[in-house]
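Trainee: just a sequence and a predicted model for now, questions to come.
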Amino acid sequence: MTNSIKEPYLLTPGPLTTSHATKAAMLRDWGSWDDDFNQVTADVRTQLLAMAEAASGEYACVPMQGSGTFAVESALACATDPNDKVLVLMNGAYGKRAAQLLHMMGRRYVTLDKGDYLPPQPNEVAVLLEQYPEITSVFLVHCETSSGILNPLEAIAEVVHTHGKTLIVDAMSSFGGVPISLAKTPIDVLVSSANKCIEGVPGFGFVIIRKALLEAGKGRAHSLSLDLYAQWEYMERTGQWRFTPPTHTVVAFQTALAQHREEGGVRGRCARYTRNRDALVKGMRAIGFGTLLEDGWLSPIITTFLSPNDPAFEFNAFYAALKSRGFLIYPGKLTEVESFRIGCIGQLDAAVMETLLVAMQDALSEMGVFLSSHSRSA
Ligand SMILES: *Cc1c(COP(=O)(O)O)cnc(C)c1O
């Protein structure tokens, strides 16, 4: 995969490197109230429900302007009320952010905090649900992008469902790139955004939610602009977004969805991302970098590598050296160890990963960092 314009590859979890066709789809202006644009919105909503294998009678797809966090906030506000109590499963920045959002909107919650890189386990969730029967809902991040861990969604969903609770999933960085079936897995609310595995550009997120929950959310929102129910009700009635939509982003997203289909849907995309990850991890270990996670928890989305102990290694210099070679990497987000992250999503393939590995070796020798080939995981 080559860039048509000379610009660096984004090895980041979104915004990410998009195709030329997706960028080109933005070279036209659209009337936000016009029927042509409304048809794009309706088509995107239908396609997202199909991708989630969500029955359209049972679930609705509601897009929301803003970054992914705006959609998470609107979903939490709609799907919970002040009498509810939410169990927030945390193992990184995005679980923490959900707790912060609940706190700010005056919702009650308890947390299971597993630190930086351990997964919440289904049996731990079961114990907490029995210990705190007043819990009404559980919040889980599917791929916790701050470490790259893929949390055990299906097994936790089963436990939550068995206990008769509502499950809210932040599938921001996994939806479209890792199979998720609402027909098979009991998920009540799923949130994702345009600029992750579907490979669109930033500008909106979307919430796939049980219609019954959406209807119960009428009047609950703490915010005018992030009122998910009001957005849905208005969209159903008029076909339009309630306030100015990111028109170019929505049209680019429709183009990105067509490419997703051509690649073989979620399975095709997951296969490419997995090849990217495997080439990356193998090559990085050969250079001498260790991964934070054991192999079984590595997502095909993004991988955290531990910074080497060599005093000559410094992240900012490494970043700059890779940038000058055409690659933007991502800083780490761990509290305890020095690390950095490399994304596998976007318009990248294993050949791009191989050129990245060559650039890495160049960058390290320029910095005077010499690693001995070993493999270490925490
Ligand atoms: C990207 C991401 C978000 C949303 O982040 P924004 O910066 O608001 O787009 C939320 N959760 C996860 C797991 C993410 O990867």
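Mentor: That came through fine.
Trainee: which pLDDT value belongs to the residue in the stretch 1-150 of the chain that the ligand sits nearest to?
Mentor: Proximity of the stretch 1-150 of the chain to the ligand (CB to the nearest ligand atom) peaks at Gly68, 2.8 Å away. All C-beta atoms are positioned from the backbone trio N, CA, C, and that covers glycine. Here the pLDDT value assigned to Gly68 is 98.
Trainee: quick check: it touching Met172?
Mentor: Yes: the pair Gly68 / Met172 is scored as a contact, 4.7 Å apart, by CB atoms under 8 Å.
Trainee: who touches both of these two?
Mentor: Shared contacts of Gly68 and Met172, defined by CB atoms under 8 Å, 6 or more residues apart in numbering, comprise Val191, Ser192, Ser193, Lys196, Gly205.
Trainee: against Ala252, how distant is the closest residue to the fourth one other than its chain neighbours?
Mentor: Of all residues beyond its chain neighbours, the one nearest Lys196 is Gly14 (4.3 Å), with distances taken as CB to CB, 6 or more residues apart in numbering. Distance from Gly14 to Ala252, counting by CB to CB, to the nearest Å: 14 Å.
Trainee: can you check Cys270 too?
Mentor: Cys270 is 22 Å from Ala252, where distance means CB to CB.
Trainee: what's the answer for Ala60, then?
Mentor: Distance, Ala60 to Ala252, by CB to CB: 23 Å.
Trainee: before we move on, back to that, which of Cys270 and Ala252 has more residues huddled nearby?
Mentor: Legend: neighbour count by other CB atoms under 10 Å for Cys270 and Ala252, higher for Ala252 (26 against 20).
Trainee: could I get the full set of strands for this structure?
Mentor: 9-10, 59-65, 85-90, 108-113, 137-141, 143-144, 149-150, 166-170, 189-193, 204-210, 302-306, 327-328, 330-331, 339-343 (DSSP state E).
Trainee: which one of those strands is the most hemmed in?
Mentor: Highest mean neighbour count among those (mean count of other CB atoms under 10 Å): strand 143-144, with a mean of 30.
Trainee: other SSEs contacting that strand?
Mentor: Here strand 143-144 touches helix 93-104, going by 3 or more CB pairs under 8 Å, 6 or more residues apart in numbering; DSSP states H and E.
Trainee: from the chain's centroid, how far away is the helix it packs on?
Mentor: Centroid separation for helix 93-104 versus its chain: 15 Å, with CA atoms, centre = their mean, to the nearest Å.
Trainee: swap in stretch 258-278?
Mentor: Stretch 258-278 sits 15 Å away from the centroid of its parent chain (CA atoms, centre = their mean).
Trainee: same question, stretch 356-374
Mentor: 30 Å.
Trainee: repeat for stretch 91-101
Mentor: With CA atoms, centre = their mean as the basis, stretch 91-101 stands 13 Å off its chain's centre.
Trainee: with only the CA atoms kept, save that stretch in PDB.
Mentor: Provided in PDB are the C-alpha atoms of stretch 91-101 (Å, rounded to 0.1, in the frame of the first residue of the first chain):
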ATOM      1  CA  ASN A  91      -7.500  -1.600  32.700                       C
ATOM      2  CA  GLY A  92      -6.300   1.600  31.100                       C
ATOM      3  CA  ALA A  93      -7.100   5.100  30.100                       C
ATOM      4  CA  TYR A  94     -10.400   4.500  28.400                       C
ATOM      5  CA  GLY A  95     -12.000   2.600  31.300                       C
ATOM      6  CA  LYS A  96     -10.800   5.400  33.600                       C
ATOM      7  CA  ARG A  97     -12.400   8.000  31.200                       C
ATOM      8  CA  ALA A  98     -15.700   6.200  31.400                       C
ATOM      9  CA  ALA A  99     -15.600   6.400  35.300                       C
ATOM     10  CA  GLN A 100     -14.800  10.100  35.000                       C
ATOM     11  CA  LEU A 101     -17.700  10.700  32.600                       C
END
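Trainee: fine by me, we can end here.
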